[in-house]
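Peer 1: no FASTA, just this:
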């Protein structure tokens, strides 16, 4: 226990609560108890921010059901403490008013001092302070779902200043936090502006404006997009011919092993002939941005060897083997292998080549959070779920050009237009294959990539600086709280009534009955 400033005490939460207060868990409200037409709103974990009420949820129950469940109604000024991450133990002041209109879930703890001798804002700051957060972490339990029980929360001691000093501390913290928040908002605004700038760069790139002067200097040396597309068509046909020859050889081997009767394997699947898509109509072109001379629009399938998706059957599970990627593994356009599922090697071996990613492919999410491309720029065996598309560009298509193009609003708007479904939108494979893409010659694709990356490298440095500044702001926030509850943020006044007297008066208010609120069933710890 650290030495407290003069006049301070270190009580547990129970000792903060008067006879009019409350210290209990929220209520056991199950899905079957809820009613979208109810008048009582159910405050959930998503609403509890770190020092701020997020106001995100939209669940309700009827007044009759709330009474039947003996719910504890929230009051404006209550402190709500999240007993589950993230972060664990975060607290905020409940800002809403209205008798018998709000209840909360069992994994949220309600703290209501119920006395003017305790500043609720100070108590919320105390619960969010670095020392308290550290103690809460040390008292957490559970394996997969970490939480802190109210019983364990009740064992933590919090430094309590005299009442007048409580008010001075709160006023100073709010003053400093207000200035800090202005800086944080400016940083977040700048970060959003960089996202807009990224899209403006991509828009200029794929309308030919970034390479306009470069193109004029070399206009007599560059091949046209039509010539490139003719070459790509020949590449696709040559690849198909090679696949067909390989398939015929495989069928001969299979038949030699006894065919359907004698062979242990299935008959090899015949490769599909590359699909020839008709040229875009004048009506389709009218809805697209105008292109420089020498460019052309082409469907994604036209400039790719294959556009496929993952296996539509649920894969067998394994504790180890081949990583199996889902949409949740694609974050910020990067494939994250830190928390993957696995499938047996035998399952992977039986997949068609179009479902085995290789270096130079692009994955593209097509369900839920659709429209996120990620570049496979590494050599590793893995496979993926059906909610992810695989794009394998032809040799004459610059993979980075195509990757950046798939991140542009031009393509995302097409994804939005073809997406189907209600609760969960999905970009069908047919729609993905028909994305209409601007295609310049191969040399200009390479130049466009250089132009984009030179600008994005500056953006990335600026984003890194912003992220570092936001981290420093959060560290400063924690430093302010730490200094506040070490008695170093505002001056002490020896004439203030000591905290020991406040606690004595609270005890007198509630008599000899511990103010733990009415008994509630606790969540499993």
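Peer 2: Perfect, thanks for sending it. Predicted, not measured: the structure shown is a model, and the values here were computed from it.
Peer 1: Just confirm residue 306 is within a strand.
Peer 2: Yes: assessed by DSSP: H, G, I helix; E, B strand; the rest coil, residue 306 belongs to a strand.
Peer 1: Bridged to it, which residues?
Peer 2: residue 392 (DSSP bridges).
Peer 1: OK, contacts around it?
Peer 2: Neighbour list for residue 306: 354, 390-392 [criterion: CB atoms under 8 Å, 6 or more residues apart in numbering]. (Each C-beta comes from the backbone N, C-alpha and C, glycine too.)
Peer 1: what about it, distance to residue 98?
Peer 2: Residue 306 sits 58 Å away from residue 98, going by CB to CB, to the nearest Å.
Peer 1: re the thing from before, are any of the contacts of residue 306 buried, and which?
Peer 2: 354, 390-392 (16 or more other CB atoms under 10 Å).
Peer 1: Of those residues, just say which sits nearest to residue 109.
Peer 2: residue 390 (46.9 Å; CB to CB).
Peer 1: Determine the number of other residues adjacent to the residue nearest to that closest one when sequence neighbours are not counted.
Peer 2: Leaving aside its sequence neighbours, residue 390 sits nearest to residue 308 (CB to CB, 6 or more residues apart in numbering; 5.1 Å). Around residue 308 there are 17 other residues, counting by other CB atoms under 10 Å.
Peer 1: So which residues of the stretch 1-150 of the chain form helices?
Peer 2: All helices of the stretch 1-150 of the chain, identified by DSSP state H, counting those that start in this stretch, fall at 13-16, 63-68, 120-127, 130-138, 150-153.
Peer 1: where does the stretch 201-350 of the chain have low pLDDT?
Peer 2: 263-264 (pLDDT under 70).
Peer 1: Show me how far the helix or strand of the chain with the lowest mean pLDDT is from its chain's centre.
Peer 2: Ranked by mean pLDDT, DSSP states H and E, the helix or strand of the chain with the weakest confidence is helix 259-262, at a mean of 74. Offset of helix 259-262 from its chain centre (CA atoms, centre = their mean, to the nearest Å): 50 Å.
Peer 1: For the helix or strand following it, name the packing helices and strands.
Peer 2: Sequence-wise, the next helix or strand downstream of helix 259-262 (DSSP states H and E) is helix 282-286. The helices and strands touching helix 282-286, judged by 3 or more CB pairs under 8 Å, 6 or more residues apart in numbering; DSSP states H and E, number zero.
Peer 1: List the buried residues of stretch 337-353.
Peer 2: Counting neighbours by 16+ other CB under 10 Å, stretch 337-353 gives 340-344, 347-348 as buried.
Peer 1: so who does residue 250 touch?
Peer 2: Residue 250 sits in contact with residue 268, where contact means CB under 8 Å, 6+ apart.
Peer 1: Name the residue closest to the centre of this protein, please.
Peer 2: For the chain, the residue nearest the mean C-alpha position is residue 331 (7.7 Å; CA atoms, centre = their mean).
Peer 1: quick one on the thing from earlier: can I get the helices of the stretch 1-150 of the chain in a markdown table with distance to residue 218?
Peer 2: Below are these laid out as a markdown table (distance: least, CB to CB, whole Å):
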| stretch | distance to residue 218 |
| --- | --- |
| helix 13-16 | 73 |
| helix 63-68 | 73 |
| helix 120-127 | 64 |
| helix 130-138 | 60 |
| helix 150-153 | 70 |
